[in-house]
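**Q** Any chance you could fold what I've pasted below:
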Amino acid sequence: MDEIDFSIVEYFGSSDSSDCGYCRGQNNGLRMTHGMWAHTMSIQVYQALIDNGWRRSGKYCYKPVMKQTCCPQYTIKCDVQANRLSKSQKNSLKRFFNFIEHGEKPKASAKVGENSASVSSPVVQNPKKLKETVRDSTKHDGKSKSKATKKRYQRYQRRVEKLRLKSMTDADIEEHFKKKREAKLTKQKPKQIQDYFNFTDAAKNKFAVKLIKSADASCFEPHKQTEFEVYRQYQTTIHKDKKKELTMKQFERFLVHSPLSYVSLGPLHEGGSFHQQYWVNDQLIAVGVIDILELCLSSVYLFNDPQYSFLSLGRISALYEIMFTRQIQESVDNFKYYYMGYYIHSCPKMRYKGDFAGSFLSCPETYTWHPIEDVKPLLDESKYARFASKDVSPSPPASLRDLLILYQQSAMPYFRYRELRATKNNKEEDKEILELCQLIGQKAAACKLILYRA
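**A** Residues are numbered from 1 along each chain as shown. Here you go, the predicted model:
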């Protein structure tokens, strides 16, 4: 990974929009963002940008104006080695596994308020009788546990006597039981994500995941129309978009085009933009758009066939991407994070991202990382919050000395550009470029980022 490409961006400044897809105007504000167009970009620069609060949509990169936007968006990442499956995540993986392996379609769960008697505790007609029943059962359980403990101890003593008949010393006997305990613990080791994707040859349904480059026409073209049909079904069903507005050109601009250049991360993996396709019985059911960067796997977007909503494909794909990040980590140094985009505490539908153990949120002022469980109380009080303590300095801006300007087909230092562009608008342009320096941060500029000026 010695080669570092130049990155060329065009800054557009800030803009606002009343059409917020998160709150639909309920937060009485505007969605405000800074924006720039990335003509081409290295994975090193984009890694630095997302660590400074940026994200991409196609080739357009944007960063929320956190103090002013109606729904503050905090960058969230998960340390995949610290991640542990929650009970609900295990249940989702079990349902998915049973569908693929055994052909068992999950039963639709009852809605809140429906069939409540069947899912809640039975109605008690006589509270006094219930209290007596609980007291009696508690006494019975206590006696049962005592008898069970006594029987286990008796079995243990019989095993010890048998081992002594084999001329084993007390130390040998202790070592024998220690090994048995370790073997039992190994057998009872909790399942990992990969265990739920380990299907037999006799599985009722055939499951496959294909990873293709976004920019690789030879791989992408045969499936582009299929992807587009799934995308259109998803957008119209889930997001209520108008079908006539969902064109192939819009789809390509949003999810196919990418500014990222491809670069080797070693003998097994490559950095850049990819589509991870999920297939069941040769039918495309979901597509995860991802970026593989210098230190992380970044999730861009997920769309799926609404007919398979019973499989919780949003959660399943996120867990698969965590597993994939771990696989890359085995051969790529310092590759340890899974970026889930933005966490929006003020939007209930987006809070699910905080359910992944080992997650951190970025402070919007210092860009330092903080465990999500530590900062949630701050977000309960205010939708915008600084997470770092007051003594932590803000992230340093890019230096004008590091920033190159592409002007008249030549890349030059900013001060040389100023000499060539001696106009009355220098102060306004200085203000705009200094604003960009603050927004992109020191590391992005140092990675050969070039600002295009007409």
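**Q** what are the ranges of the strands in the stretch 151-300 of the chain?
**A** 207-213, 263-264, 270-280, 283-292, 296-304 (DSSP state E, counting those that start in this stretch).
**Q** May I have the phi/psi pair for the residue nearest to the spatial centre of the chain?
**A** Nearest to the mean C-alpha position of the chain, counting by C-alpha atoms, centre = their mean, stands residue 340 at 2.7 Å. Residue 340 adopts backbone torsions of phi -100, psi 20, taken as degrees, to the nearest 10.
**Q** contacting residues for it?
**A** 76, 77, 78, 299, 318, 353, 356, 359 (C-beta atoms under 8 Å, 6 or more residues apart in numbering). Every residue, glycine included, has its C-beta placed from N, CA and C.
**Q** Next, count neighbours for the first one.
**A** Which is residue 76. For residue 76, the count of nearby residues is 22 (other C-beta atoms under 10 Å).
**Q** helix/strand/coil for it?
**A** Under the three-state scheme (DSSP: H, G, I helix; E, B strand; the rest coil), residue 76 adopts strand.
**Q** Which residue, neighbours along the chain excluded, lies closest to it?
**A** Closest residue in space to residue 76, ignoring its immediate chain neighbours: residue 343 at 4.0 Å, by C-beta to C-beta, 6 or more residues apart in numbering.
**Q** check contacts around the one you found.
**A** Neighbouring residues of residue 343 by C-beta under 8 Å, 6+ apart: 73, 74, 75, 76, 350, 351, 353, 354, 359, 361, 372.
**Q** Tell me who's in contact with the last one.
**A** Taking C-beta under 8 Å, 6+ apart, we find residue 372 in contact with 76, 343, 354, 359, 360, 361.
**Q** so how far is residue 368 from the last one?
**A** In this structure, residue 361 lies at 10 Å from residue 368, with C-beta to C-beta, to the nearest Å as the measure.
**Q** which one of these two has more residues nearby?
**A** Applying other C-beta under 10 Å to residue 361 and residue 368 shows that residue 361 carries more neighbours, namely 26 against 16.
**Q** Setting aside sequence neighbours, what's the nearest residue to that one?
**A** Of all residues not flanking residue 361 in the chain, residue 74 sits nearest, at 4.6 Å (C-beta to C-beta, 6+ apart).
**Q** From residue 275, how far off is that neighbour?
**A** Distance, residue 74 to residue 275, by C-beta to C-beta: 26 Å.
**Q** Residue 450 now?
**A** In terms of C-beta to C-beta, residue 450 sits 28 Å off from residue 275.
**Q** Mind listing what's buried along stretch 86-100?
**A** 89, 92, 93, 95, 96, 97, 99, 100 (16 or more other C-beta atoms under 10 Å).
**Q** picking that back up, just to check, the residue nearest to residue 361 is in contact with residue 362?
**A** Yes - applying C-beta atoms under 8 Å, one finds residue 74 in contact with residue 362, separated by 6.1 Å.
**Q** Rank the helices and strands of the chain by mean pLDDT and give me the bottom one.
**A** helix 116-119 (a mean of 30; mean pLDDT, DSSP states H and E).
**Q** Just read off the phi/psi values of residue 205.
**A** With angles defined as degrees, to the nearest 10, residue 205 sits at phi -120, psi 150.
**Q** same question, residue 338
**A** Per degrees, to the nearest 10, the backbone of residue 338 is at phi -120, psi 110.
**Q** list the contacts for it?
**A** 77, 78, 80, 83, 296, 297, 299, 321, 322, 325.
**Q** among those, who's most crowded?
**A** Top of the contacts of residue 338 by neighbour count (other C-beta under 10 Å): residue 297, with 29 neighbours.
**Q** Thought residue 96 was touching residue 310, still the case?
**A** No - using C-beta under 8 Å, residue 310 is not in contact with residue 96; the gap is 9.8 Å.
**Q** wait, residue 383 sits on residue 364?
**A** No - Residue 383 is beyond contact range of residue 364, at 11.3 Å (criterion: C-beta under 8 Å).
**Q** who touches both of the two?
**A** Common neighbours of residue 383 and residue 364 (C-beta under 8 Å, 6+ apart) are residue 72.
**Q** Could you export the contacts of residue 338 as JSON lines, including distance to residue 22 and pLDDT?
**A** Formatted as JSON lines, those follow (distance: C-beta to C-beta, whole Å; pLDDT from 0 to 100):
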{"residue": "77", "distance to residue 22": "20", "pLDDT": "97"}
{"residue": "78", "distance to residue 22": "21", "pLDDT": "97"}
{"residue": "80", "distance to residue 22": "26", "pLDDT": "96"}
{"residue": "83", "distance to residue 22": "25", "pLDDT": "95"}
{"residue": "296", "distance to residue 22": "24", "pLDDT": "97"}
{"residue": "297", "distance to residue 22": "24", "pLDDT": "98"}
{"residue": "299", "distance to residue 22": "17", "pLDDT": "97"}
{"residue": "321", "distance to residue 22": "22", "pLDDT": "98"}
{"residue": "322", "distance to residue 22": "24", "pLDDT": "98"}
{"residue": "325", "distance to residue 22": "26", "pLDDT": "97"}
